[in-house]
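Visitor: Below: sequence and its predicted model.
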Amino acid sequence: MERKDVQIPAEALARQREFSGQIRRLFESRQAHPLACVDTFGCQQNVADGQKIQGMLREMGFAFTQEPGEADLVILNTCAVREHAEQRVFGNLGALTHTKKDNPEQVICLCGCMAQEARVSERVKRSYPHVNLVFGPHALWKFPELLWQVYQTRKRVFSVAEEDGTIAEGIPTVREDGVKAWVSIMYGCNNFCSYCIVPYVRGRERSRDPQAVLAEVKELVAAGYKDITLLGQNVNSYGNDREEDYDFADLLAEIDQIPGEYLIRFMSSHPKDATKKLFDTMARCSHVAKQLHLPFQSGNDRVLREMNRRYTRAQYRELVEYARSVMPGLVLTSDVIIGFPGETEAEAMDTISLVDELGFDALFTFIYSPRPGTRAAELPDPVPRAEKQKWFDRLLEVQNAHSAQIHAAYVGKTVRVLVDGESGDEEYPLAARTEGNRLVRLQGDKSLLGQFVNVRITGSNTWALYGRAEG
Ligand code: SAM
Ligand code: SF4
Ligand code: F3S
């Protein structure tokens, strides 16, 4: 596919801004002050999309509420990665029949990854007649036009056509606070891990122009953002779809040249494409946090093959060893799936032994959830859920012990943290993150919010560190 086919032309995006203006004028003519409730589920990429939806809504004149009952427009921005997440969304959609009964003018919208699944959009068409608008991630950029259609025609609008996907630059964004920001550097996924729905709902990999990414990061740093996370399903394949010989490590190195006091993180990183060049670049670049999220999913080679992950346990271990050799003190996290179809107890224990061997700072752990349409969902899955739960609990026990031990080693040390929020806890009223993204509950004054400070670590548990601002 040629670049020009991937990029949405500027004129088409300008046209969307006109639709936003039309919606704004519609409300102004009624002297109405519309409220929107945007509820986002799923990964950071979806959070970033939710912030763009909010950006577009703000241009249309909407203010925001957390209360669906008082909203003129309710948006569920959904995730399809596990069955449980989908069930919750259907539950929430069902509950919205009540808010709509109280306010028949309320517009209800389902978007995000679930909306892109034909199975879901058909079910919504059939059984959730109160939903006015359904659009998948591919149609995000034309949200203003779709919403305008709903207001104009009062008919239900579905924009869920399957496609490889596009790139739309310059969509306005509402960021949550002045400290942390998400920057998508690429969209889609080509990896087709056999359990995963993401490639089906997010299309093929397409990388943003490095100049566009650099300009966005520059702007964020100038606006005072201090913790910037670059996003992609597999940032390590950044640039593969572009003509230039320019990869993710090159992008990191160039971002690092932007002057200022800030940290750059990234996620996720697929082990099959992680390179020594990437780790060397991380080690060298002072703005790049010495933190790596490197999902391994399983510690057993047969299961890894069935998952279509394209690396072995030994290769994964070598990567970690190299990364640690060039970045001593590296904070390492990972994703793990227990109970892949056909996984035996011994194979699940291989996963646990790798966790034990490598000592991760934290893990995101999941019990396998079949996703209709993926290859793994067709495989026989004879192990009962209760058995998988036992293996899962054992995994958590091992990991929790590691996390607690790693955290305990911080006690008595002074670390630099970024104060990024309030905690609601009287004794430790501030929340902060270390360079490695470990949570620190902090004693100190609110005036420290948004600043890097040195903190003396005084206590710890499995999930957090506790400390006092110094000086
Ligand atoms: N692209 C990222 C990567 O490859 O590391 C991961 C994206 S996925 C949204 C986040 C995590 O969800 C995966 O790493 C995997 O552990 C988990 N996951 C994905 N599909 C799953 C499924 N069907 N059942 C359980 N966990 C799943
Ligand atoms: Fe899913 Fe694999 Fe792509 Fe990650 S790399 S989004 S786990 S298919
Ligand atoms: Fe993310 Fe869920 Fe979609 S994890 S990419 S929101 S399926």
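Guide: The structure has been received and is ready for your questions. Ligands and ions are numbered 1, 2, ... in the order given.
Visitor: okay, now whichever residue of the stretch 151-300 of the chain sits closest to ligand 3: neighbour count?
Guide: Residue nearest to ligand 3 within the stretch 151-300 of the chain: V198 (4.9 Å; C-beta to the nearest ligand atom). To be clear about C-beta, it is placed using only N, CA and C from the backbone, and glycine gets the same treatment. The number of residues packed near V198 is 22, by other C-beta atoms under 10 Å.
Visitor: and the spatially closest residue to it that is not a sequence neighbour, which of the three is it?
Guide: Once flanking residues are discounted, V198 sits nearest to C189: 5.1 Å by C-beta to C-beta, 6 or more residues apart in numbering. The three-state label given to C189 by DSSP: H, G, I helix; E, B strand; the rest coil is coil.
Visitor: Show me what from this protein comes close to ligand 3.
Guide: Counting by C-beta under 6 Å from any ligand atom, the residues of the chain close to ligand 3 are 42-43, 45-46, 79-81, 112-113, 197-198, 201-202.
Visitor: Just these: which are in helices?
Guide: Of those, the ones assigned to helices by DSSP state H are Q45, N46, V198, V201, R202.
Visitor: Thought S184 was touching G232, still the case?
Guide: Yes: G232 is within contact range of S184, at 6.9 Å (criterion: C-beta atoms under 8 Å).
Visitor: from the stretch 1-150 of the chain, which residue is nearest to ligand 3?
Guide: Minimum separation of the stretch 1-150 of the chain from ligand 3 (C-beta to the nearest ligand atom) falls at G42, amounting to 2.7 Å.
Visitor: just checking, A377 touches P370?
Guide: Yes: using C-beta under 8 Å, A377 makes contact with P370 at a distance of 4.3 Å.
Visitor: Going toward the C-terminus from the lengthiest helix in the chain, what's the next helix or strand?
Guide: Ranked by number of residues, the top helix in the chain under DSSP H is helix 385-408. Per DSSP states H and E, the first helix or strand lying C-terminal to helix 385-408 is strand 414-422.
Visitor: Let me see the mean pLDDT of that next one.
Guide: Mean pLDDT, strand 414-422: 96.
Visitor: Parallel or antiparallel, which strands does it pair with?
Guide: Applying DSSP bridges, strand 414-422 is found paired with strand 430-434 (antiparallel), strand 452-460 (antiparallel).
Visitor: how close does the nearest residue to L396 once chain neighbours are set aside get to N400?
Guide: Once flanking residues are discounted, L396 sits nearest to T365: 6.4 Å by C-beta to C-beta, 6+ apart. Distance from T365 to N400, counting by C-beta to C-beta, to the nearest Å: 10 Å.
Visitor: again, but for D350
Guide: 19 Å.
Visitor: Which one of these two is surrounded by more residues?
Guide: Using other C-beta under 10 Å as the criterion, D350 and N400 rank with D350 on top: 19 against 15.
Visitor: Surely that one touches Q297?
Guide: No: with contact defined as C-beta under 8 Å, D350 does not count as touching Q297 (11.7 Å).
Visitor: re the thing from before, and the ones in helices among the residues of the chain next to ligand 3, which is closest to Y428?
Guide: Set against Y428, the nearest of those by C-beta to C-beta is N46 (29.9 Å).
Visitor: and the helix or strand in which A323 is found, what does it pack onto?
Guide: Assigned by DSSP H and E, A323 falls within helix 313-326. Helix 313-326 is packed against helix 276-284, strand 331-338, helix 345-358, with contacts defined by 3 or more C-beta pairs under 8 Å, 6 or more residues apart in numbering; DSSP states H and E.
Visitor: Bridged to F158, which residues?
Guide: When assigned by DSSP bridges, F158 has beta-bridge partners V134.
Visitor: tell me, how many neighbours does it end up with?
Guide: F158, neighbours per other C-beta under 10 Å, totals 18.
Visitor: One more: the one 4 residues further on?
Guide: A total of 13 residues lie near E162 under the criterion other C-beta under 10 Å.
Visitor: near ligand 1, anything from stretch 358-370?
Guide: Yes: interface with ligand 1: stretch 358-370 contributes F366, Y368, S369 (C-beta under 6 Å from any ligand atom).
Visitor: K155 and F27, how far apart?
Guide: Taking C-beta to C-beta, one finds K155 at 20 Å from F27.
Visitor: er, M186 I mean
Guide: For M186, the distance to F27 (C-beta to C-beta) stands at 35 Å.
Visitor: Kindly report the same for I338.
Guide: Distance, I338 to F27, using C-beta to C-beta: 49 Å.
Visitor: One more: L396?
Guide: Look at L396 and F27: by C-beta to C-beta, they are 49 Å apart.
Visitor: Helix, strand, or coil at G467?
Guide: Following three-state DSSP, G467 is assigned to strand.
Visitor: so it makes contact with V453?
Guide: No: the criterion here is C-beta under 8 Å, and G467 misses it with V453 at 9.8 Å.
Visitor: which of the two has more neighbours?
Guide: G467 (29 against 18).
Visitor: The helix or strand containing R58 packs against which elements?
Guide: R58 is part of helix 44-59 when elements are defined by DSSP H and E. Where contact means 3+ C-beta pairs under 8 Å, 6+ apart, helix 44-59 is packed against helix 10-29, strand 35-40, strand 73-78, strand 107-112, helix 143-153, strand 180-184, strand 227-231.
Visitor: now for those, which one comes closest to D241?
Guide: With distances scored as C-beta to C-beta, the stretch of these nearest to D241 is strand 180-184 (14.4 Å).
Visitor: Can you show me the CA trace of the closest one as PDB?
Guide: Coordinates of the C-alpha atoms in strand 180-184 are reproduced here as PDB (Å, rounded to 0.1, in the frame of the first residue of the first chain):
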ATOM      1  CA  LYS A 180       1.100  12.500  31.400                       C
ATOM      2  CA  ALA A 181       0.500  12.200  27.800                       C
ATOM      3  CA  TRP A 182       0.000   9.300  25.300                       C
ATOM      4  CA  VAL A 183       1.300   9.500  21.800                       C
ATOM      5  CA  SER A 184       0.300   6.800  19.300                       C
END
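Visitor: Please enumerate residues in contact with it?
Guide: Identification of contacts with strand 180-184 by C-beta atoms under 8 Å, 6 or more residues apart in numbering yields 44-45, 47-48, 51, 175, 208, 213, 216-217, 220, 225-232, 420.
Visitor: possible to save the helices and strands packed on helix 44-59 as a markdown table with mean neighbour count, distance to G260 and mean pLDDT?
Guide: A markdown table is the format used below for those (neighbours: other C-beta atoms under 10 Å; distance: least, C-beta to C-beta, whole Å; pLDDT from 0 to 100):
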| stretch | mean neighbour count | distance to G260 | mean pLDDT |
| --- | --- | --- | --- |
| helix 10-29 | 15 | 29 | 98 |
| strand 35-40 | 20 | 28 | 98 |
| strand 73-78 | 26 | 31 | 98 |
| strand 107-112 | 25 | 33 | 98 |
| helix 143-153 | 19 | 32 | 98 |
| strand 180-184 | 21 | 13 | 97 |
| strand 227-231 | 22 | 10 | 98 |
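Visitor: Dump these into CSV; add distance to ligand 1 as well.
Guide: Shown next, in CSV, are the helices and strands packed on helix 44-59 (distance: least, C-beta to the nearest ligand atom, whole Å):
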stretch, distance to ligand 1
helix 10-29, 27
strand 35-40, 14
strand 73-78, 13
strand 107-112, 12
helix 143-153, 22
strand 180-184, 13
strand 227-231, 10
